[in-house]
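K.L.:
okay, sequence plus prediction incoming.
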Amino acid sequence: MIEQIQNINPKELKDLSQLQDLIVLFMNVVESQSKELKELRAENQELRNEVNRLKGEHGDLAPKTPKTNPTNTRSNKEKKKAKKKNNKRGPKNPKIKIDRIVKCEIDKSVLPADAKFQGYKEVIQQDIIIQRNNTLFKIPTYYSKKENRTYRGQLPEDYQGQFGGQLKSWLQLLHHYCDVTHGRLKALFDNIGILISTGTISNILLSNVEVMKSESRAILRSGIEQDKFAQSDGTKGWEAGQGKSTQIICGPSYTVYHTMASKSKGNIIWALQGKPGKSIPLRYDTLAVELLAGSKVPKKDQKLLSQLLKADQHYSLESFESLLAEQAAHLLEKQSHAKVVEILALAHYFGQAEFPILQNLLTDAGPEYIGIALGHGLCWLHEERHYKKMVPVLKVNQLALNEVRGKIWDFYGKLLDFKELSPAQQHQQKQKQKLEKEFEQIFTTMTDYKDLNNRLQKTFAKKEKLLRVLDFPDLPLHNNAAELAVRRKVRKRDISLHTMSSKGTEAQDAFMSVIETAAKLGVNALDYLYDRIIGRNQMPHLADLIKLNTL
């Protein structure tokens, strides 16, 4: 932009339009330079902080960014809708489950002669009992000298060894749902008189992993089959000091966690199948050939792959890379290798029949989610956040940004109204065409603020994904459910940092999936864990409850 003003000669300006164009150009230069200066200041401060830390000193806190745009740009309709939603809570007493009833009688001798009974006034007190329940089993023992044999009584069927099923269930619940660390679990149990070591606590937390992994996969299967969409997001994780990526897949009635080596598209496709096997399943077929032909994978590499791979053949990631290592090792070193893997993973996903294929996926605009579901919707809140982050310094640009953000929130409110229409009204083409036209009017607007114009153009390019709700009204407009599920994982990472083994990672993912899903379904997670841990299996599977759920 600086190049555009280097050769300007004010004396050559002849009319008002030239002057106006020049002023607009200078205004955009000011905005561009202000933005760059702000970024350089932040980078400079980070470097100073790092230098101070290397000296053993403390780095300064980042300065707070002044709010140059304090105007709340949400529409009145949006505010009313949010307020109305918050007022639907209603009384809580009818929702409280009663475990026992105590009648508080009155001394009738104090009543006057004309007193008449008018019923009971109900007062509810909520309480909980957590106490030690150590049991000494006395097992009768008899010895027959004649038979040289000892006879002993039988322990109860629910006997779980030195530590009972309730204790094991509480450990899993406190650790995976309340984020209590091993050390604090030991301190808690010591305090109430349970003698247990941190090693034993670790062993208990790593038990029943295969059972919970099976439950988690069944939950994901039922969730994808039952719901018309899924939401997904990811976050960083750690395992024994190594960086990992946790992918969250959730819907109205379930939440599933899968931790993998990275957030690559291939790994996400693997997660959508419940992570079968030990690595990403791949397939080379006509779909793979078609996808490769439309990709940037070099043609000579595509030809070589067609010679190495058998048609309609399944591969694991290990067997595929082992084959390449033996016969075409140079392909493993190319940047296009990751693209080849994700294409073969996608071909397997759309060709397999073992797991339901996702119809609609709602995410942020991360490139790793493109093309992994039959339909893809984008989160409106993530998109609007780009506009919220813009901080113009000139008043005229601030006003232009406020106007655009106001229109966006008004349009968002209209999409919410559309979702509340009857199915017959939603399928009327006039309704859809009206909203599509308004979308185009908002995001093809041209202002004198260049950065705002660029942002509007980028949003307009996402029209199909942002308006997918017009064809699938059940699809949410935001990805908050997945972000809340991510927050659970982040809080656990903040407290415990990382797991120490792959089994620990699998245990954390599986138990968190079961517990979070139980919470969504209104199932007592402690009772469910106890039922599965002692092998009773009397409670209905969460996967079956998802199919019956009408949330």
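P.N.:
Arrived safely, thanks for sending.
K.L.:
now whatever residue is furthest in space from the centre of the chain: how far from Ile130?
P.N.:
Distance from the centre of the chain peaks at Lys146, with 67.8 Å (C-alpha atoms, centre = their mean). Separation of Lys146 from Ile130 (C-beta to C-beta, to the nearest Å) stands at 50 Å. C-beta coordinates here come from the backbone N, C-alpha and C atoms, glycine included.
K.L.:
do the same with Ile219
P.N.:
Ile219 is 28 Å from Ile130, by C-beta to C-beta.
K.L.:
ok, now His337?
P.N.:
In this view, His337 and Ile130 are 54 Å apart by C-beta to C-beta.
K.L.:
of these two, who's got more company?
P.N.:
Set His337 next to Ile130 and count neighbours by other C-beta atoms under 10 Å: His337 wins out with 16 against 8.
K.L.:
next, the contact list for the more buried one, please.
P.N.:
Listed by C-beta atoms under 8 Å, 6 or more residues apart in numbering, the contact partners of His337 are Leu331.
K.L.:
over to Ala328?
P.N.:
Listed by C-beta under 8 Å, 6+ apart, the contact set of Ala328 reads Leu304, Leu308.
K.L.:
start the count at 17 instead of 1 going forward.
P.N.:
New numbering, starting at 17: the last item is Ala344.
K.L.:
most centrally placed residue in this protein?
P.N.:
Within the chain, one residue has its C-alpha closest to the average C-alpha position: by C-alpha atoms, centre = their mean, that is Ala498, at 3.0 Å.
K.L.:
element containing that residue, please.
P.N.:
helix 496-512 (DSSP states H and E).
K.L.:
next, the buried residues of that helix.
P.N.:
Buried residues in helix 496-512, counted by 16 or more other C-beta atoms under 10 Å: Ala497, Ala498, Glu499, Ala501, Val502, Arg504, Lys505, Lys508, Arg509, Ser512.
K.L.:
between these, which is nearest Ile220?
P.N.:
Here the nearest of the buried residues of helix 496-512 to Ile220, counting by C-beta to C-beta, is Ser512; it sits at 16.1 Å.
K.L.:
quick check, the closest one in contact with Thr197.
P.N.:
Yes - counting by C-beta atoms under 8 Å, Ser512 does reach Thr197; the two are 5.8 Å apart.
K.L.:
in the stretch 67-216 of the chain, where is pLDDT below threshold?
P.N.:
Residue ranges of the stretch 67-216 of the chain with pLDDT under 70: 74-108.
K.L.:
follow-up on the earlier one: between the buried residues of helix 496-512, which sits nearest Asn207?
P.N.:
Asn207 lies nearest to Ser512 out of these, by C-beta to C-beta, at 20.8 Å.
K.L.:
so what's that closest one up against?
P.N.:
Residues near Ser512 by C-beta under 8 Å, 6+ apart: Asp195, Thr197.
K.L.:
and it, how far from Gly199?
P.N.:
Going from Ser512 to Gly199 by C-beta to C-beta gives 10 Å.
K.L.:
got it, and Phe133?
P.N.:
56 Å.
K.L.:
ok, which stretches of the stretch 417-566 of the chain are helices?
P.N.:
Remark: helices assigned in the stretch 417-566 of the chain by DSSP state H, counting those that start in this stretch are 439-442, 445-459, 466-476, 479-482, 496-512, 518-537, 541-549, 558-564.
K.L.:
highest mean neighbour count out of those helices?
P.N.:
Across these, averaging neighbours per residue (mean count of other C-beta atoms under 10 Å) puts helix 518-537 on top, at a mean of 22.
K.L.:
what about the chain, any weak spots by pLDDT?
P.N.:
Applying pLDDT under 70 to the chain picks out residues 17-29, 34-35, 74-108, 566-567.
K.L.:
the same query, at a cut-off of 80, please.
P.N.:
For the chain, the stretches with pLDDT under 80 are 17-39, 41-42, 45, 69-110, 442-443, 565-567.
K.L.:
so Lys260 is in which element?
P.N.:
Per DSSP H and E, Lys260 falls inside strand 258-267.
K.L.:
revised request: answer the last question for Gln318.
P.N.:
Using DSSP H and E, Gln318 maps to helix 315-324.
K.L.:
same question for Asn283.
P.N.:
helix 281-287.
K.L.:
for that helix, packing partners?
P.N.:
strand 258-267, strand 270-276, helix 352-367 (3 or more C-beta pairs under 8 Å, 6 or more residues apart in numbering; DSSP states H and E).
K.L.:
what inclination does the longest one have with respect to helix 315-324?
P.N.:
So that's helix 352-367. With axes from the mean of the first three to the mean of the last three C-alpha atoms, to 10 degrees defining the directions, helix 352-367 sits at 50 degrees from helix 315-324.
K.L.:
buried residues in helix 352-367, which are they?
P.N.:
352-353, 355-366.
K.L.:
nearest to Glu231 among these?
P.N.:
Of all the buried residues of helix 352-367, Glu231 sits closest to Tyr365, with 22.3 Å by C-beta to C-beta.
K.L.:
now that closest one: how far from Glu337?
P.N.:
Here Tyr365 is placed at a distance of 19 Å from Glu337 (C-beta to C-beta).
K.L.:
check Met516 too.
P.N.:
Look at Met516 and Glu337: by C-beta to C-beta, they are 27 Å apart.
K.L.:
can you report phi and psi for Pro297?
P.N.:
Phi and psi for Pro297, reported as degrees, to the nearest 10, are phi -80, psi 140.
K.L.:
Thr379 too?
P.N.:
phi -150, psi -180.
K.L.:
got the angle for the strand holding Lys260 vs helix 518-537?
P.N.:
20 degrees.
K.L.:
and strand 258-267, what's buried?
P.N.:
Applying 16+ other C-beta under 10 Å to strand 258-267 flags Lys260, Ser261, Thr262, Gln263, Ile264, Ile265, Cys266, Gly267 as buried.
K.L.:
related to what we said a few turns ago, my guess is the residue nearest to the centre of the chain contacts Ser248. True?
P.N.:
Yes - if you go by C-beta under 8 Å, Ala498 and Ser248 touch, sitting 5.7 Å apart.
K.L.:
which one of the helices of the stretch 417-566 of the chain lies nearest to Arg57?
P.N.:
Distance to Arg57, taken as C-beta to C-beta, is lowest for helix 466-476 among those, at 18.3 Å.
K.L.:
need the CA coordinates for that closest one. CSV is fine.
P.N.:
Output in CSV follows, covering the C-alpha atoms of helix 466-476 (Å, rounded to 0.1, in the frame of the first residue of the first chain):
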residue,chain,number,x,y,z
LYS,A,466,-9.9,-2.1,3.0
ASP,A,467,-9.4,-4.6,5.8
LEU,A,468,-13.1,-4.8,6.4
ASN,A,469,-13.7,-5.4,2.7
ASN,A,470,-11.2,-8.2,2.7
ARG,A,471,-12.9,-9.8,5.7
LEU,A,472,-16.4,-9.5,4.1
GLN,A,473,-15.1,-11.2,0.9
LYS,A,474,-13.7,-14.1,3.0
THR,A,475,-17.0,-14.5,4.8
PHE,A,476,-18.9,-14.4,1.5
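K.L.:
I appreciate the help and will end here.
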